[in-house]
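Novice: predicted structure and sequence below. I'll ask about it afterward.
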Amino acid sequence: MKFGVGFSFISQELLASISDVMKTIDSVIQSASEGANEIVNISDKVLGISDKSNYILEQVLKEKDCPDKFKI
C-alpha cells in the first residue's frame, strides 16, 4: 500500500511541476505577444512619420523654383 501512496504523491508533484511549466510558457507567450504588438505600434508610427516626410519632400520639390522672395 505504501507504493500506491508514494506513487500518488509523486504523480501529484509531477502534475504540479508540469502545471508550473505550462504557466511559465503561457507567460512567455503573452510577453512575446505584447512585445510583438508594441513593435507593430512602433512600425505604424514610423510609417506615419515616413508618409509625412515624403509629403514635405514633395512640397519642397514643388516649391524648388519658388520666387526669390521666399528663398532664404
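Specialist: That came in fine, so what should we check first? Just so it is clear, the structure is predicted and the values come from calculations on it, not from any experiment.
Novice: name the element residue 53 belongs to?
Specialist: Per DSSP states H and E, residue 53 falls inside helix 2-62.
Novice: quick one: average pLDDT of that helix?
Specialist: Here helix 2-62 scores 91 as its mean pLDDT.
Novice: can you pull up the most central residue in this protein?
Specialist: For the chain, residue 36 is the residue whose C-alpha lies nearest the centre (Cα atoms, centre = their mean; 1.9 Å).
Novice: what's that residue in contact with, if anything?
Specialist: Applying Cβ atoms under 8 Å, 6 or more residues apart in numbering to residue 36 gives no contacts. Bear in mind the C-beta positions are built from the backbone N, C-alpha and C, glycine included.
Novice: distance of it from residue 22?
Specialist: Separation of residue 36 from residue 22 (Cβ to Cβ, to the nearest Å): 21 Å.
Novice: same check, this time on residue 49
Specialist: For residue 49 relative to residue 22 (Cβ to Cβ), the value is 41 Å.
Novice: let me know the distance separating residue 47 from residue 29.
Specialist: 27 Å.
Novice: can you check residue 18 too?
Specialist: 16 Å.
Novice: likewise residue 9?
Specialist: For residue 9, the distance to residue 29 - Cβ to Cβ - is 31 Å.
Novice: ok, residue 16 next?
Specialist: Computed as Cβ to Cβ, the residue 16 to residue 29 distance reads 20 Å.
Novice: how about residue 44?
Specialist: Distance from residue 44 to residue 29, by Cβ to Cβ: 23 Å.
Novice: kindly report the same for residue 48.
Specialist: 29 Å.
Novice: what does residue 17 give?
Specialist: As defined by Cβ to Cβ, residue 17 lies at a distance of 19 Å from residue 29.
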